[in-house]
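Participant: How does the following fold in three dimensions:
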Amino acid sequence: MTESRDALSPAVRDFGAARVAGRFAQFLLGIPLGLLQLTAVLVFTFTGAVVTGGDWLVAIWGILMSASCAVLALRVYGSARARRAAFVLLGGQGAFSLVKGFVYHETAALVFGAIVVVTIVALGVYHRARDAGGRHGDAA
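Facilitator: Residues are numbered from 1 along each chain as shown. Predicted structure coming up:
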(Lines give C-alpha, C1' and ligand atoms only; values in the text may rest on other atoms or scores of the structure.)
Protein backbone atom coordinates (compact mmCIF):
# COMPACT_ATOMS: atom_id res chain seq x y z
CA MET A 1 0.00 0.00 0.00
CA THR A 2 1.46 3.33 -0.94
CA GLU A 3 0.58 6.76 0.32
CA SER A 4 0.09 9.62 -2.03
CA ARG A 5 2.16 12.75 -1.62
CA ASP A 6 -0.96 14.59 -0.42
CA ALA A 7 -1.48 12.11 2.41
CA LEU A 8 1.87 12.90 3.98
CA SER A 9 1.78 14.95 7.13
CA PRO A 10 2.79 18.60 6.87
CA ALA A 11 5.80 17.92 9.10
CA VAL A 12 7.11 15.26 6.70
CA ARG A 13 6.57 17.55 3.69
CA ASP A 14 8.21 20.48 5.50
CA PHE A 15 11.25 18.40 6.41
CA GLY A 16 11.50 17.24 2.79
CA ALA A 17 11.62 20.87 1.70
CA ALA A 18 14.16 21.60 4.44
CA ARG A 19 16.38 18.78 3.16
CA VAL A 20 16.34 20.36 -0.29
CA ALA A 21 17.25 23.70 1.33
CA GLY A 22 20.10 21.96 3.17
CA ARG A 23 21.51 20.46 -0.01
CA PHE A 24 21.13 23.81 -1.80
CA ALA A 25 23.01 25.57 1.01
CA GLN A 26 25.68 22.87 0.84
CA PHE A 27 26.05 23.46 -2.91
CA LEU A 28 26.25 27.26 -2.55
CA LEU A 29 28.78 27.00 0.26
CA GLY A 30 30.97 24.55 -1.66
CA ILE A 31 30.88 25.76 -5.24
CA PRO A 32 30.38 29.54 -5.60
CA LEU A 33 31.50 30.57 -2.10
CA GLY A 34 34.19 27.91 -1.94
CA LEU A 35 35.83 26.70 -5.12
CA LEU A 36 34.79 29.51 -7.48
CA GLN A 37 35.76 32.25 -5.05
CA LEU A 38 39.04 30.49 -4.19
CA THR A 39 39.91 30.31 -7.88
CA ALA A 40 39.08 34.00 -8.36
CA VAL A 41 41.14 35.10 -5.35
CA LEU A 42 44.13 33.04 -6.47
CA VAL A 43 43.94 34.38 -10.03
CA PHE A 44 43.74 37.98 -8.86
CA THR A 45 46.49 37.42 -6.31
CA PHE A 46 48.98 35.96 -8.75
CA THR A 47 48.27 38.20 -11.75
CA GLY A 48 49.70 41.30 -10.13
CA ALA A 49 46.47 42.80 -8.78
CA VAL A 50 47.77 42.53 -5.20
CA VAL A 51 50.13 45.43 -4.55
CA THR A 52 49.90 46.86 -1.04
CA GLY A 53 50.01 45.22 2.36
CA GLY A 54 46.27 45.80 2.69
CA ASP A 55 45.73 44.02 -0.61
CA TRP A 56 47.69 41.04 0.70
CA LEU A 57 45.62 41.00 3.89
CA VAL A 58 42.39 40.91 1.87
CA ALA A 59 43.83 38.23 -0.45
CA ILE A 60 44.85 36.00 2.47
CA TRP A 61 41.44 36.57 4.08
CA GLY A 62 39.77 35.50 0.82
CA ILE A 63 41.95 32.41 0.41
CA LEU A 64 41.37 31.18 3.97
CA MET A 65 37.66 31.95 3.91
CA SER A 66 36.88 30.39 0.53
CA ALA A 67 38.97 27.30 1.24
CA SER A 68 37.15 26.94 4.57
CA CYS A 69 33.78 27.20 2.79
CA ALA A 70 34.77 24.47 0.34
CA VAL A 71 35.86 22.11 3.13
CA LEU A 72 32.97 22.95 5.44
CA ALA A 73 30.46 22.29 2.66
CA LEU A 74 31.39 18.61 2.88
CA ARG A 75 30.20 18.41 6.50
CA VAL A 76 27.46 21.01 6.81
CA TYR A 77 24.56 18.73 5.82
CA GLY A 78 25.16 16.17 8.56
CA SER A 79 26.68 18.15 11.40
CA ALA A 80 25.06 20.76 13.64
CA ARG A 81 28.53 21.93 14.69
CA ALA A 82 29.52 22.43 11.05
CA ARG A 83 26.31 24.37 10.41
CA ARG A 84 27.02 26.69 13.34
CA ALA A 85 30.55 27.23 12.02
CA ALA A 86 29.09 27.90 8.57
CA PHE A 87 26.90 30.70 9.94
CA VAL A 88 30.01 32.37 11.40
CA LEU A 89 31.89 31.85 8.15
CA LEU A 90 28.99 33.32 6.17
CA GLY A 91 29.20 36.42 8.36
CA GLY A 92 32.84 36.69 7.31
CA GLN A 93 31.78 36.20 3.69
CA GLY A 94 29.32 39.08 4.04
CA ALA A 95 32.03 41.33 5.48
CA PHE A 96 34.38 40.28 2.67
CA SER A 97 31.73 41.23 0.09
CA LEU A 98 31.33 44.64 1.74
CA VAL A 99 35.10 45.26 1.64
CA LYS A 100 35.33 44.16 -1.98
CA GLY A 101 32.36 46.34 -2.92
CA PHE A 102 33.10 49.52 -0.99
CA VAL A 103 36.91 49.52 -0.92
CA TYR A 104 37.72 47.89 -4.27
CA HIS A 105 34.51 48.93 -6.11
CA GLU A 106 33.97 45.43 -7.51
CA THR A 107 30.46 44.76 -8.80
CA ALA A 108 30.96 41.00 -8.29
CA ALA A 109 30.68 41.74 -4.57
CA LEU A 110 26.95 42.30 -5.10
CA VAL A 111 26.56 38.84 -6.62
CA PHE A 112 28.55 37.16 -3.86
CA GLY A 113 26.66 39.17 -1.24
CA ALA A 114 23.37 37.90 -2.65
CA ILE A 115 24.70 34.32 -2.68
CA VAL A 116 25.71 34.74 0.98
CA VAL A 117 22.20 35.89 1.92
CA VAL A 118 20.53 33.03 0.03
CA THR A 119 22.93 30.55 1.65
CA ILE A 120 22.17 31.90 5.14
CA VAL A 121 18.43 31.57 4.52
CA ALA A 122 18.66 28.04 3.08
CA LEU A 123 21.02 26.87 5.81
CA GLY A 124 18.81 28.47 8.46
CA VAL A 125 15.73 26.66 7.16
CA TYR A 126 17.56 23.33 7.20
CA HIS A 127 19.18 23.91 10.60
CA ARG A 128 15.85 24.85 12.23
CA ALA A 129 14.14 21.81 10.71
CA ARG A 130 16.88 19.51 12.00
CA ASP A 131 16.60 21.02 15.49
CA ALA A 132 12.79 20.90 15.45
CA GLY A 133 12.91 17.28 14.32
CA GLY A 134 14.70 16.26 17.50
CA ARG A 135 18.00 15.60 15.78
CA HIS A 136 20.14 17.47 18.31
CA GLY A 137 22.56 14.60 18.50
CA ASP A 138 23.51 14.52 14.83
CA ALA A 139 27.11 13.94 13.88
CA ALA A 140 29.55 16.51 15.19
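
Participant: How about residues contacting the longest helix along the chain?
Facilitator: Identified as the longest helix of the chain according to DSSP state H is helix 108-132. By CB atoms under 8 Å, 6 or more residues apart in numbering, the surrounding residues in contact with helix 108-132 are 14-15, 17-19, 21-22, 24-25, 28-29, 32-33, 37, 40, 76-77, 80, 83, 86-87, 90, 93-94, 96-98, 100-101, 138. C-beta here means a position set from N, CA and C on the backbone, and glycine is covered the same way.

Participant: buried residues in that helix?
Facilitator: By neighbour count on 16 or more other CB atoms under 10 Å, the buried set for helix 108-132 is 109, 112-113, 115-116, 119-120, 122-127, 129-130.

Participant: of the residues you listed, closest to G62?
Facilitator: For the buried residues of helix 108-132, the residue nearest G62 by CB to CB is F112; the value is 10.4 Å.
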